[in-house]
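Student: Got a sequence here, can you model it:
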Amino acid sequence: MNLSDRRFSAESLEALGGSEWVARYRASALARLSEVHEATSTAEDWRYGRIDELDLSSYGVVLPRIHEAIPISSASRAFLDDFGDHGALVHVIDGVLVSVELRDEIKHSGITIGSIADFDLPIEEFGSLLSLVDEPFGVLNDAFAPAATVIDVPANSAFEPPIVVISELSEAAVEGLSYARLFIRLGVFAQASVVVFQTSLDGRLLHVPVVETFVGESAHLRLDLVQQLAERSWLLGYQLAEIGRDATLSAFSASLGADYSRLYSRAALAGEGGESRLFAAYLGIATQVQEFRTFQDHLVGRTKSELIFKGAVADHARSVYSGMIHMRKGARRADASQTNRNLVLSEGAHADSVPNLDIDENDVHCSHASAVGPIDPDQLFYLESRGIPPEVAERLILLGFFDDLLSRANNAGCATYIRKDVELRLADSIYAQLAS
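Tutor: Numbers count the residues shown, from 1 in each chain. Predicted coordinates:
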């Protein structure tokens, strides 16, 4: 993985444009590139995955360009059809904001949805969470992502219908390395719901998206991310959040597409009474690899975090989960739980689950649990003994396994879409196994 070629030089930043402070920010990020640890399978944060297969030189640069306000893709339309009502629709192509549609009640609310290129003055929090991630791909996004999309919710505002962000990769991204950046900030006592749907055209590509979130004091954010990239895609993504005093973040992620998908999730609980709830569902079939790295970071006391990640792998697919709960000095009476459960549906499939604790304080409560195994034969026998064919019984058990978690999704429309996709892909996988 060569990070020293000319594509990652100061000269290449000039084509990205932006205000003076954005240009300075990019240059500062680029200067850090030589300082971060290299991503190799020998590094703990990259073990079990496929990073050694990555050849950055085989991907071209996806140049940011202004897209006309074109209709969203059929894949995104299918998602919206299941989703239902929304308060705002944000369309992003290859990391560039294309259009924003707002309902009347949101237009006059003071909320800001736009490109960071339009901000003449620096956004104080921007990039502060990503700078803590010692990984080269985060730094690449910091330096080379097109103008980030900003969702800034003012204090004391409450939005019930969700803000939906459709993030698409076009034909221009095929055979290329692309970036996307979303910055979300909620003021004091603000409430909002944001949904991000990621999709791409068929083709080989590498995508590095970042979602950076700041939840202010006594604010409440519901965040759903659904990844549905094409089957030859690689995704190396970051979901980062800081939760203030008495604030709440409920984040649900679904990883369905891509050949190799890796999501790094970090929730920093920075104010007493802050709470984070992180949930994820994933399904791997064929030769897919679904990988998650999580970090529940309790900076102060009387904070709470809950994490539940559940997934299944079939055929020759693999899943990787590695999570850390960190109780820092001063985090007295903090409470954290971490659960990862995996179903292995085929002899050729495999799941790794590695929960971790790092406790630097007394008077805290921590728990973690992980499980990897096949479908319970007693459950399978129970259904088959009542005349249900084996392939149908297996699918019903698996859908029940996911349903408990899908009820944690912040938007029912997301759960509906995920459930339908899982059922369809499982049917295809089980049919292929029977046919062989």
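
Student: for stretch 281-290, the distance to its chain's centre please.
Tutor: 15 Å (C-alpha atoms, centre = their mean, to the nearest Å).

Student: And it, what's buried?
Tutor: By 16 or more other C-beta atoms under 10 Å, the buried positions in stretch 281-290 come out as 281-285, 288-290. Every residue, glycine included, has its C-beta placed from N, CA and C.

Student: Can you give me the first-to-last residue distance of that stretch?
Tutor: Start to finish, the residues bounding stretch 281-290 are 10 Å apart (C-alpha to C-alpha, to the nearest Å).

Student: what sits up against it?
Tutor: Contact partners of stretch 281-290, identified using C-beta atoms under 8 Å, 6 or more residues apart in numbering, comprise 49-50, 231, 252-256, 258-261, 292, 309-320, 349, 402, 405-406, 418, 422, 425-426, 428-429.

Student: at 7 Å instead, please
Tutor: 49-50, 254-256, 259-261, 310-320, 402, 405-406, 418, 422, 425, 429 (C-beta atoms under 7 Å, 6 or more residues apart in numbering).

Student: so who does the nearest residue to residue 106 once chain neighbours are set aside touch?
Tutor: In space, and not counting its chain neighbours, residue 106 is closest to residue 87: 5.2 Å by C-beta to C-beta, 6 or more residues apart in numbering. Contact partners of residue 87, counting by C-beta under 7 Å, 6+ apart, are 103, 106, 159, 161-163.

Student: got those as TSV, with pLDDT, neighbour count and distance to residue 118 columns?
Tutor: Below are the contacts of residue 87 laid out as TSV (pLDDT from 0 to 100; neighbours: other C-beta atoms under 10 Å; distance: C-beta to C-beta, whole Å):
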residue	pLDDT	neighbour count	distance to residue 118
103	85	14	21
106	78	18	18
159	82	19	21
161	87	16	24
162	93	24	23
163	95	23	18
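
Student: quick one: which of the residues you listed is nearest residue 132?
Tutor: residue 163 (25.8 Å; C-beta to C-beta).

Student: Pull the number of nearby residues for the residue nearest to residue 162 when sequence neighbours are not counted.
Tutor: Closest residue in space to residue 162, ignoring its immediate chain neighbours: residue 193 at 3.9 Å, by C-beta to C-beta, 6+ apart. Look at residue 193: counted by other C-beta atoms under 10 Å, it has 20 neighbours.

Student: any idea of the pLDDT on residue 193?
Tutor: Residue 193 carries a pLDDT score of 95 in this model.

Student: packing partners for the host helix or strand of it?
Tutor: Element membership for residue 193 (DSSP states H and E) is strand 191-200. Secondary-structure packing of strand 191-200 (3 or more C-beta pairs under 7 Å, 6 or more residues apart in numbering; DSSP states H and E): helix 74-83, strand 163-169, strand 176-186, strand 220-228.

Student: report the angle between the axes of whichever helix or strand comes after that strand and strand 163-169?
Tutor: Next in sequence after strand 191-200, counting helices and strands by DSSP H and E, comes strand 205-215. If you take axes from the mean of the first three to the mean of the last three C-alpha atoms, to 10 degrees, strand 205-215 sits at 160 degrees to strand 163-169.

Student: residues contacting the closest residue to residue 284 other than its chain neighbours?
Tutor: Using C-beta to C-beta, 6+ apart and skipping residues adjacent in sequence, the residue nearest residue 284 is residue 317, 3.2 Å away. By C-beta under 7 Å, 6+ apart, the contact set of residue 317 is 284-289, 349.

Student: got the phi/psi numbers for residue 317?
Tutor: In terms of degrees, to the nearest 10, the main-chain angles of residue 317 are phi -80, psi 160.

Student: from now on call the first residue 17
Tutor: Sure, I'll start numbering at 17, so the last one becomes residue 333.

Student: a helix runs through residue 40, doesn't it?
Tutor: Yes. Assessed with DSSP: H, G, I helix; E, B strand; the rest coil, residue 40 lies in a helix.

Student: What is the burial count for it?
Tutor: Other residues lying near residue 40 total 12 when counted by other C-beta under 10 Å.

Student: can you pull the pLDDT of it?
Tutor: So residue 40 comes in at 90 (pLDDT).

Student: Same question for residue 34.
Tutor: pLDDT, read off for residue 34, is 76.

Student: same deal with residue 82?
Tutor: 68.

Student: Could you report the neighbour count for residue 207?
Tutor: With other C-beta under 10 Å as criterion, residue 207 counts 17.

Student: Now it: closest residue in space, sequence neighbours ignored.
Tutor: Per C-beta to C-beta, 6+ apart, closest to residue 207 is residue 174, 4.2 Å.

Student: mind checking how far that neighbour is from residue 235?
Tutor: Residue 174 is 10 Å from residue 235, where distance means C-beta to C-beta, to the nearest Å.

Student: Of those two, which one has the most company?
Tutor: Shown here are residue 174 and residue 235; by other C-beta under 10 Å, residue 235 has more neighbours (27 against 12).
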